[in-house]
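Colleague: fold the following and give me the result.
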Amino acid sequence: MARWVLRRVATGLITLLGIAIVVFLSVRLVPGQAERVLLGPLASEEDRAALVSSLGLDRDLFTQFGLWFTSVLQGDLGTSIISRQPVVDELALRLPVTATLAVLALLIALAVGIPLGIWQAVRAHRRGGAVVSRVVSGLAISLPEFVLGALVVLVFSMFPLGITIGAVTPVTENFLAGVGSLLLPALVLSVFCAAATARTTRDATLGVLVEPYIHAAKARGDRPGTIIRRHVLRNSSIPILTLAATLLAYLLGGAVIVEGLFNVPGVGSYMLLAMDRRDFAVVQAVVMFAAIVFVVASMLVELASSLIDPRVATTGGRA
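Modeller: As a prediction, the model looks like this:
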């Protein structure tokens with residue numbers, strides 16, 4: 001088990017290094033120069049050269065990456081070019097909002113997707129059951145978030161339904177009011193996540209229902225609810241946990257469109273603004289944060305999977 005954990009940690013660190021390299025190069029290859037965005041088209045070449053030198057953009061890419069990655073390892077994510085504030089402080093102001101939104105959307109998705117997936121698997125062999133479940137899941141997965149979000153914003157803006165659009169209460173000030181103000185964007189985000197969870201749960205459950213111990217439980221006269229609770233949920237939980245970790249990282253770092261539609265002052269909208277302004281430090285910090293969340297969540301899921309099924313650790317994760 002110790003060797004298995006060390007291998008996973010080493011793999012995670014190598015993954016983060018690769019992501020750091022890709023992010024650093026991708027940001028530099030985006031069309032548009034930071035000095036032109038900051039100073040405008042009327043600035044002199046001398047002013048632009050001075051700004052480039054102050055930002056360290058006149059050095060070679062290898063040196064820039066080495067300085068930036070060394071600072072990241074020390075916990076320094078850099079300084080925002082626009083606000084001149086440390087990126088860590090800027091993220092600390094917005095992270096509670098995005099974290100609340102992500103966790104709320106994930107909880108809704110799991111609460112809806114897992115029971116729906118089990119129900120679809122149990123009814124899969126009935127007439128029309130498989131077709132209906134595939135159609136519903138396919139529609140929910142393929143429905144773009146900006147379309148659903150725009151429709152929700154339009155409906156709740158036109159009709160007095162008791163929920164205000166565009167006003168977010170910080171959860172650090174009033175937790176219940178903050179959760180309530182994030183309910184609509186969380187519901188929009190949870191549609192895709194719930195559909196993906198339902199499909200994954202359905203496929204995992206169908207694979208478990210054909211196992212011999214399920215037939216043995218039926219032969220003993222166990223009730224369907226008991227079979228689902230004792231046998232199906234545990235043996236189908238590993239792919240669901242893996243998907244949940246992926247969805248959490250996606251929600252923490254990828255809720256850009258929904259945050260923009262609902263005027264949520266979170267990490268996603270902050271990164272979108274930083275990309276528009278060529279604020280390299282912010283974009284790199286947000287992407288690295290999402291990558292760290294994904295890698296750590298994946299390692300925790302693999303650890304939980306090894307506790308649920310010891311074969312995962314004894315076979316190096318190939319079981």
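Colleague: most centrally placed residue in the protein?
Modeller: Nearest residue to the geometric centre of the chain (C-alpha atoms, centre = their mean): Y250, 1.7 Å.
Colleague: how near is that residue to A196?
Modeller: 10 Å (C-beta to C-beta, to the nearest Å). The way it works is simple: take the backbone N, C-alpha and C, and place the C-beta from them, glycine included.
Colleague: same check, this time on F65
Modeller: Using C-beta to C-beta, one gets 35 Å for the distance from F65 to A196.
Colleague: more crowded one of these two?
Modeller: Between F65 and A196, A196 has the larger neighbour count (other C-beta atoms under 10 Å), namely 21 against 16.
Colleague: what packs against the helix or strand hosting I19?
Modeller: Assigned by DSSP states H and E, I19 belongs to helix 2-29. If contacts are counted by 3 or more C-beta pairs under 8 Å, 6 or more residues apart in numbering; DSSP states H and E, helix 2-29 sits against helix 61-73, helix 280-308.
Colleague: list the buried residues for it?
Modeller: W4, R8, G12, L16, I19, A20, V23, F24, V27 (16 or more other C-beta atoms under 10 Å).
Colleague: for the fifth one, give me its contacts.
Modeller: What that stands for is I19. V287, M288, A291 (C-beta atoms under 8 Å, 6 or more residues apart in numbering).
Colleague: pLDDT, neighbour count and distance to S269 added to those residues, as TSV?
Modeller: Shown next, in TSV, are the contacts of I19 (pLDDT from 0 to 100; neighbours: other C-beta atoms under 10 Å; distance: C-beta to C-beta, whole Å):
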residue	pLDDT	neighbour count	distance to S269
V287	82	19	15
M288	82	20	18
A291	81	20	19
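Colleague: which one of the residues you listed sits closest to G75?
Modeller: Checking the contacts of I19 against G75 with C-beta to C-beta, the nearest one is M288 at 11.8 Å.
Colleague: pull the contacting residues for the closest one.
Modeller: M288 is in contact with L16, I19, A20, V23, V72, L77, counting by C-beta under 8 Å, 6+ apart.
Colleague: and the pLDDT for E173?
Modeller: Per-residue pLDDT puts E173 at 74.
Colleague: roughly how far does it sit from S181?
Modeller: Between E173 and S181 the distance is 11 Å, computed by C-beta to C-beta.
Colleague: of the two, which one has the most company?
Modeller: S181 (24 against 8).
Colleague: check what pLDDT the more buried one gets.
Modeller: 81.
Colleague: now swap in A34 and tell me
Modeller: 62.
Colleague: and W4, by the same measure?
Modeller: Each residue has a pLDDT score; the one for W4 is 71.
Colleague: select, out of the helices and strands packed on helix 2-29, the one closest to G260.
Modeller: Using C-beta to C-beta, the helices and strands packed on helix 2-29 put helix 280-308 closest to G260, at 14.3 Å.
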